[in-house]
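1. return a 3D structure for these sequence lines:
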Amino acid sequence: MLPRMALFVLLSTFVVGGDQPPHVYQPGTITGWSTQHYARAYAIGGRVSSAPGHKKFYELKGVGMTYQLDDCGSFEAGQAVEYRVEGKKVYIHKENGKEHKCGIEGVKADTPTAAPDAQK
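-> Prediction:
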């Protein structure tokens with residue numbers, strides 16, 4: 001009886017996720033996207049050629065920061081999202097409980113706007 005109970009406890013730990021805390025997401029907005037075009041070089045039979053390529057980038061305005069993300073899903077300008085940052089990746093929460101895993105291509109801190117001086 002004891003070995004079965006030990007196996008159940010061990011399997012329950014893996015299924016539930018062990019000691020990992022739940023992810024904490026922040027509110028953000030996809031403010032836009034852009035496409036960058038480039039020439040991609042490749043070699044065939046000792047000859048170097050190029051072909052056009054393109055890469056889509058999204059801009060995510062978050063809490064105090066704006067992130068430029070690589071093409072990691074399909075978003076619309078003005079779309080509200082929930083996200084978390086981990087290292088050089090942004091994880092955007094999906095409705096089905098999964099996440100879009102996006103590479104961070106650039107980051108800039110948002111500068112607070114100065115309030116107009118009150119009339120003296």
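2. going forward, measure contacts between C-alpha atoms and count neighbours the same way
-> Noted.
3. biggest strand in this structure by residues?
-> Under DSSP state E, the strand in the chain containing the largest number of residues is strand 26-44.
4. what is the orientation angle of the very next helix or strand once past it with strand 26-44?
-> Proceeding N to C from strand 26-44, the next assigned helix or strand is strand 47-61, under DSSP states H and E. Counting by axes from the mean of the first three to the mean of the last three C-alpha atoms, to 10 degrees, strand 47-61 lies at 180 degrees to strand 26-44.
5. by contact count, what packs against strand 47-61?
-> If contacts are counted by 3 or more C-alpha pairs under 8 Å, 6 or more residues apart in numbering; DSSP states H and E, strand 47-61 sits against strand 26-44, strand 65-70.
6. wait, which of these is closest to Glu82?
-> Nearest of those to Glu82, taken as C-alpha to C-alpha: strand 26-44 at 4.7 Å.
7. partner strands of that closest one, with direction?
-> strand 47-61 (antiparallel), strand 79-86 (antiparallel) (DSSP bridges).
8. name the residues of the first one that come out as buried.
-> To tie it back to what came earlier, the one meant is strand 47-61. Of the residues in strand 47-61, 57-61 count as buried by neighbour count, 16 or more other C-alpha atoms under 10 Å.
9. same check, this time on the last one
-> Using 16+ other C-alpha under 10 Å as the burial criterion, the residues of strand 79-86 that qualify are 81-84.
10. distance between the ends of stretch 40-52?
-> 6 Å (C-alpha to C-alpha, to the nearest Å).
11. next one: stretch 86-94
-> 17 Å.
12. just the buried positions in it, please.
-> For stretch 86-94, the neighbour count (16+ other C-alpha under 10 Å) marks 89-93 as buried.
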